[in-house]
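Undergrad: the following block contains a protein sequence and its predicted model.
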Amino acid sequence: MLKIYFLQIAEIPEILINEAVIIKEDFLILGTSKGVVKVYQIEKRENGNISLFLFDSCNFFENPHSDKLTQNQENLVMTQKLYENVLTTIKIVNSKYNEGSYFVTMNNLQYVYERSFVKREVIF
């Protein structure tokens with residue numbers, strides 16, 4: 001089993017990481033208090049070290065209600081402003097039915113999202 005004792009992600013140092021899930025020891029999924037989920041591919045080195053490479057990233061607060069409600073730019077900008085200072089508690093669960101996908105819930109939104117990090121798209 002892969003154990004990560006210390007992890008520093010330089011891209012998001014000021015944001016609280018409140019969920020971490022490892023999938024088949026190949027991917028690390030991190031959820032932040034700002035509604036951002038990042039998927040890192042884990043590469044194991046021969047010397048025992050590991051490297052993380054950003055594989056997918058999704059900000060669920062950018063367009064939380066799907067494209068249908070934010071088709072025009074003005075509505076999209078208003079929605080993004082509404083959620084820009086929101087902090088959330090995020091829960092991530094690996095999908096057992098769709099390989100390369102995970103489910104996300106947040107205490108600020110009423111939806112359960114399914115995201116395919118392989119296809120880099122949200123599946124509702």
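TA: In hand now; what should we look at? Just so we're clear, the structure is a prediction, and the values are computed from it rather than from any experiment.
Undergrad: neighbouring contacts of stretch 112-122?
TA: Residues from elsewhere that reach stretch 112-122 (C-beta atoms under 8 Å, 6 or more residues apart in numbering): 27, 29, 37, 39, 55-56, 58, 60, 95, 98-105, 123-124. C-beta: built from backbone N, CA, C; applies to glycine.
Undergrad: in strands only, show me these.
TA: Among the contacts of stretch 112-122, the members found in strands (DSSP state E) are 27, 29, 37, 39, 55-56, 58, 101-105, 123.
Undergrad: how about Val104: what's its closest non-neighbour residue?
TA: Nearest in space to Val104, with sequence neighbours left out and distances taken as C-beta to C-beta, 6 or more residues apart in numbering, is Tyr113 at 4.5 Å.
Undergrad: tell me, how many residues neighbour the one you found?
TA: In terms of burial, Tyr113 registers 19 neighbours under the definition other C-beta atoms under 10 Å.
Undergrad: ditto for Gln41
TA: When counting by other C-beta under 10 Å, one arrives at 14 neighbours for Gln41.
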